[in-house]
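>>> With the sequence up front, the predicted model follows.
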Amino acid sequence: MKKRLNYESFNYSLFLPILVFYLISVIVQTMAASLDGANVKNVMIKQIIFCFLSLLAMGIVSRFKTATFLKYAPVFYVISLGIMALLYWFYDPAMYLVTGTKRWLRFGGFSFQPSELMKLSFVLFMVRLTVTYEMNCAERTLKSDLRYLGKILLYSLPTFILMFVQRDFGTSLVFIAILGALFVISGMHWKILAVITGLGASAGGTLLFLVFSKWGNKLLYALHFKTYQLDRVRAWVDPFQYKDSIAYQQVQSLYAIGSGGLIGKGSEQTAVYVPVRESDMIFTVVGENFGFIGATFVVFLYFYLFYQILSTAMRTNNKANLYVAVSFVFGLLFQIFENIGAAIGILPLTGIPLPILSQGGTSLIVLGIGLGIMMGFKEN
């Protein structure tokens, strides 16, 4: 007789793909350091430490129920907003010189990116608002859903304002993806979804038109868009026309991934130089060294991890768990789609890292906290 699933027991089906991903992250970061001539030992030790801290955070967080996190979601959200606001005064000067943006706080030798913490706080708070709305709404109508949408947009506004101030357009798209997934899974009225989709498509088309017209460029500059952001779109449309200038990184990425062939390069072959391969372009390390088979395995592993997260949430038969899981997964899915899409030339570069594999201790630890919430899914 088949035993009933015990939600208090350890979730090995979810933990195993996570562990495999952490091992892969150590391998690819070590390879990236070797290719770039960095101190391989230091990079490897640093990545192992961050993976350990992420697993530790995951284990601690998994002991709590989702209801506990949703209860304090407004507090987490306000704290995250406050930390992001600190960037206006206490940004990392070294990163500002390199990137021209204020996205990192520095504490001694440790650099912290508040937007990573905000992604998780944003998911929890938006899910709390959604669940509260459904509990207090006897019958959902177009009018009630419009009020719900207005409330969501109102509470989301501070996040998008801070993203705009930090010039972090790529991360703003992640928050939009989270909201889109939440709207769909929560059953928002189809007319509202149709209007939102239409407005999004129109905005994208208009942006493309503005990028390739002189007066459009003037308008975008007036809206505080930067030249490098417009160049990324131009480079995406015709990368080889700008292969020695604005599209250099993307063209080198295509060369690197293409050179990997079916099973990856041999150690005797010269590596293709790719700028920022340890972060934005970490997928080139996978493609170049492990080929099509290795790259396919990584993509498959992501989808297997997401399948385990969503199936775990559905088995609890708890709507809040499902909303958190779907929002969390689709936020990650958008990052994966954008990062890999940019690496293989089907999407413009936005500077979005590849979850788990890209360099970044903040991202890995916060991701561990988020995965810990999924690991701790129980019937509340």
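Happy to help now that I have it. Numbering: from 1, shown residues only.
>>> Pull the helix or strand containing residue 121 out as PDB, backbone CA atoms only.
Following DSSP states H and E, one finds residue 121 within helix 114-136. The C-alpha trace of helix 114-136 is given here as PDB (Å, rounded to 0.1, in the frame of the first residue of the first chain):
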ATOM      1  CA  PRO A 114      19.600  44.800  -2.000                       C
ATOM      2  CA  SER A 115      17.500  44.000  -5.100                       C
ATOM      3  CA  GLU A 116      18.100  40.300  -4.600                       C
ATOM      4  CA  LEU A 117      16.500  40.500  -1.100                       C
ATOM      5  CA  MET A 118      13.700  42.600  -2.500                       C
ATOM      6  CA  LYS A 119      12.700  39.900  -5.100                       C
ATOM      7  CA  LEU A 120      11.800  37.500  -2.300                       C
ATOM      8  CA  SER A 121      10.200  40.100  -0.100                       C
ATOM      9  CA  PHE A 122       8.200  41.300  -3.100                       C
ATOM     10  CA  VAL A 123       6.900  37.700  -3.800                       C
ATOM     11  CA  LEU A 124       5.800  37.200  -0.200                       C
ATOM     12  CA  PHE A 125       4.100  40.600   0.200                       C
ATOM     13  CA  MET A 126       2.300  40.400  -3.200                       C
ATOM     14  CA  VAL A 127       1.100  36.900  -2.300                       C
ATOM     15  CA  ARG A 128      -0.100  38.100   1.100                       C
ATOM     16  CA  LEU A 129      -2.100  40.900  -0.600                       C
ATOM     17  CA  THR A 130      -3.600  38.400  -3.000                       C
ATOM     18  CA  VAL A 131      -4.600  35.800  -0.400                       C
ATOM     19  CA  THR A 132      -6.100  38.600   1.800                       C
ATOM     20  CA  TYR A 133      -8.100  39.900  -1.100                       C
ATOM     21  CA  GLU A 134      -9.500  36.500  -1.900                       C
ATOM     22  CA  MET A 135     -10.400  35.800   1.700                       C
ATOM     23  CA  ASN A 136     -12.300  39.100   2.000                       C
END
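>>> what's the following helix or strand after that helix?
Next helix or strand after helix 114-136 toward the C-terminus (DSSP H and E): helix 142-165.
>>> any idea of the mean pLDDT in that following helix?
The average pLDDT within helix 142-165 is 93.
>>> measure residue 251 to residue 273 for me?
Going from residue 251 to residue 273 by Cβ to Cβ, to the nearest Å gives 11 Å. No exception for glycine: its C-beta is placed from N, CA and C like everyone else's.
>>> of those two, who's got more company?
Neighbour totals were compared for residue 251 and residue 273, and residue 251 leads with 19 against 12 (other Cβ atoms under 10 Å).
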